[in-house]
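Participant: Output the structure for:
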Amino acid sequence: MIHLSNGILQATVLRYGAILQSLRVPDQNGVATDVVLGYDTVEEYQADDAYIGAVIGRYANRIGNAQFMLNGTLYRLDCNEGRNQLHSGASCFGFRTWDILKQTDSAVTLGLFSPDGDSGYPGNLSVQVTYTLNGHALEIDYHASTNADTPCNLTNHSYFNLSGHDSGSLKSHYLRIDADSYTPANAENIPDGTIAPVRDTALDFTVMRKILSSPVQTNVSDSAPEYDHNYLLRGWDRSLRTAAEAYSALSGIRMTVKTTSPAVQLYDAVYLSERRGKSGSSYRPFSAFCLETQYCPDSLNHQNFPSTIITASSPLKEKTVFQFSAG
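Facilitator: Numbering: from 1, shown residues only. Down below sits the predicted model:
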């Protein structure tokens, strides 16, 4: 385990999966509160089916029919969710052991090499992820280079509970997402290629409101909405911009998410089966939320979505910041 501290925040990162295992931030009373779900041992992460805390690659989220066309060639990928691929299948970067490339008291850079043909993807890919504690913020920098045109879409899959990882339901949580639109999807959660407004739907978080409530009754319940949706962020221009803000009325902890990516996946852990977490805690559906900064799912098969293709002369460089305050 790699322990980081800057005197304000403390984090623990694993080489396995480049996983964010813990993140302690001060609450409204100054008490250090671990706000991410996790496990005590690497063996528990190896048995995990929910990608808790992991870095996801080569391609985060879903690819329909586990295939895509690139430069006139059809690439077929491993299927791991019916006929589709989720989070890069069995070769997900969250299932691999990363190398430590650089480490200080408050930062660590981890590296990984993915060879040509890995899970069906073209090109050799070298990836670096850097976790940095900077004041009241956790910064995650992603860099990937390749020798051939290839898709690359990286994210961190941490599950947040700002009342504390072991505090149970999200009922005290509020959320705002800086997005006016989302990408509708079919029953397999594969986008249909359209872009739709969130206004007058249960997906509208343009004004901060409770996560476990919905202003409009749709196909989700008011008590426990099923959120697993991709939002297109407002005004994306590749600069570091605010994507979302979450708040716990119980702890007073507020988290602002900034990213250079064009989209964010909101997931309220609806499919998280009950399990034992850190220090004997119990995790269950709706006990955490994810804000996975990313490019759109299945963007490889929808030309109107922002491109995830990187080249030898145009590497991937993305950044996500989780900024904390309390009171």
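Participant: Identify the residue spatially nearest to residue 275, adjacent ones excluded.
Facilitator: Nearest residue to residue 275 in three dimensions, chain neighbours excluded: residue 283, at 5.2 Å (Cβ to Cβ, 6 or more residues apart in numbering). Any C-beta I mention is one placed from the backbone N, CA and C, and that applies to glycine too.
Participant: Now stretch 60-80: buried residues?
Facilitator: 60-68, 70, 75, 77, 79-80 (16 or more other Cβ atoms under 10 Å).
Participant: ok, the residue nearest to residue 275 touching residue 167?
Facilitator: No. Counting by Cβ atoms under 8 Å, residue 283 does not reach residue 167; the two are 10.7 Å apart.
Participant: Name the residue in these two with the higher neighbour count.
Facilitator: Using other Cβ atoms under 10 Å, the more surrounded residue of residue 283 and residue 167 is residue 283, with 24 against 19.
Participant: From residue 44, how far off is the more buried one?
Facilitator: Using Cβ to Cβ, to the nearest Å, we find residue 283 at a distance of 12 Å from residue 44.
Participant: hmm, back to that, for the buried residues of stretch 60-80, which one is nearest residue 260?
Facilitator: residue 60 (14.6 Å; Cβ to Cβ).
Participant: Give me the nearest residue to the closest one, chain neighbours excluded.
Facilitator: Per Cβ to Cβ, 6+ apart, closest to residue 60 is residue 155, 4.2 Å.
Participant: Pull up the gap between the one you found and residue 135, please.
Facilitator: 23 Å.
Participant: swap in residue 47?
Facilitator: Taken as Cβ to Cβ, the span from residue 47 to residue 135 is 36 Å.
Participant: Check residue 193 too.
Facilitator: Separation of residue 193 from residue 135 (Cβ to Cβ): 41 Å.
Participant: Pick out whichever of these two has more residues nearby.
Facilitator: More crowded of residue 193 and residue 135, by other Cβ under 10 Å: residue 193, with 17 against 11.
Participant: isn't the more buried one right next to residue 302, touching?
Facilitator: Yes. With contacts counted by Cβ under 8 Å, residue 193 reaches residue 302, the gap being 4.5 Å.
Participant: so residue 315 makes contact with residue 143?
Facilitator: Yes. Using Cβ under 8 Å, residue 315 is in contact with residue 143, at 6.6 Å.
Participant: In terms of packing, which of these two has more residues around it?
Facilitator: residue 143 (17 against 14).
Participant: give the contact list for the more buried one.
Facilitator: Shown in contact with residue 143 (Cβ atoms under 8 Å, 6 or more residues apart in numbering): 127, 128, 129, 130, 315, 316, 317.
Participant: Relative to residue 4, which of these is nearest.
Facilitator: The closest of those to residue 4 turns out to be residue 130 (Cβ to Cβ; 11.0 Å).
Participant: So the closest one: helix, strand or coil?
Facilitator: strand (DSSP: H, G, I helix; E, B strand; the rest coil).
Participant: I'd like the distance between residue 255 and residue 301.
Facilitator: According to Cβ to Cβ, residue 255 and residue 301 sit 33 Å apart.
Participant: where's the nearest residue to residue 98 once chain neighbours are set aside, which helix or strand?
Facilitator: The shortest distance from residue 98 to any non-neighbouring residue, by Cβ to Cβ, 6+ apart, is to residue 110 (4.0 Å). Using DSSP states H and E, residue 110 falls within strand 107-114.
Participant: Could I get the full set of helices for this structure?
Facilitator: Assigned by DSSP state H, the helices in the chain fall at 42-46.
Participant: Low-confidence stretches in it?
Facilitator: Across the chain, the ranges flagged by pLDDT under 70 are 214-225.
Participant: which strand residues sit across from the residue positioned nearest the centre of the chain in the sheet?
Facilitator: Centroid check for the chain by Cα atoms, centre = their mean gives residue 292 as the closest residue, at 2.6 Å. Counting by DSSP bridges, residue 292 is bridged to residue 265.
Participant: which residues does it contact?
Facilitator: Neighbouring residues of residue 292 by Cβ under 8 Å, 6+ apart: 56, 60, 61, 155, 156, 157, 264, 265, 267.
Participant: Buried ones only from those residues, please, as a ChimeraX command.
Facilitator: This is how ChimeraX selects the buried members of the contacts of residue 292, with burial counted by 16+ other Cβ under 10 Å:
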select :56,60,61,155,156,157,264,265,267
